[in-house]
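Asker: fold the following for me, if possible:
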Amino acid sequence: MHPDDPTLDRAQRALDLCRDIAACKRYLMRAGDIHALTATLMLPCYLAELERLRLRLDPEEMKRLKEGLRQMASSQGPMAFPPRSATQGPTP
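Answerer: A predicted model of the protein is given here:
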């Protein structure tokens, strides 16, 4: 999925990337299993994609992203984001 895709909800994609980044960080904290290795490889990719996407967000999308992050953090804590939907693919 390319961040410049005009059919993509960029704010939602950014939230999904934040979930992926949080999942990677959780796996890295566990260390010692194959998921930690995958997270080590994927985390820089997710961070770079999020930065590219962040630079393209318009003010309304940025507002939605911030609100979504606030809701996720207040409802379940900053590292316990809700799971992605089944149609969006797995996290590492």
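Asker: please report how far Ile21 lies from Gly68.
Answerer: Ile21 sits 14 Å away from Gly68, taking C-beta to C-beta, to the nearest Å as the criterion. Backbone N, C-alpha and C define where each C-beta goes, glycine included.
Asker: for the residue of the chain most remote from its centre, what are phi and psi?
Answerer: Distance from the centre of the chain peaks at Gly32, with 22.8 Å (C-alpha atoms, centre = their mean). As for Gly32, its main-chain torsions (degrees, to the nearest 10) stand at phi 80, psi 10.
Asker: same thing with Asp58?
Answerer: Dihedral pair for Asp58: phi -80, psi 170, per degrees, to the nearest 10.
Asker: so where's the protein shaky on pLDDT?
Answerer: 1-8, 76-92 (pLDDT under 70).
Asker: mind listing what the most centrally placed residue in the chain touches?
Answerer: In the chain, the C-alpha nearest the mean C-alpha coordinate belongs to Leu17, at 1.8 Å (C-alpha atoms, centre = their mean). Contact analysis of Leu17 by C-beta atoms under 8 Å, 6 or more residues apart in numbering lists Tyr46, Glu49, Leu50, Leu53.
Asker: helix/strand/coil for the third one?
Answerer: In terms of secondary structure, Leu50 is helix; the call rests on DSSP: H, G, I helix; E, B strand; the rest coil.
Asker: was I right about it contacting Ile21?
Answerer: Yes. Counting by C-beta atoms under 8 Å, Leu50 does reach Ile21; the two are 6.8 Å apart.
Asker: can you map out the helices along this protein?
Answerer: For the chain, helices defined by DSSP state H occupy the ranges 10-30, 34-56, 59-76.
Asker: ok, and what's touching the longest one?
Answerer: Applying C-beta under 8 Å, 6+ apart, the set of residues contacting helix 34-56 from outside is 3-4, 10, 13-14, 17-18, 20-21, 23-25, 27-28, 30, 62, 65, 92.
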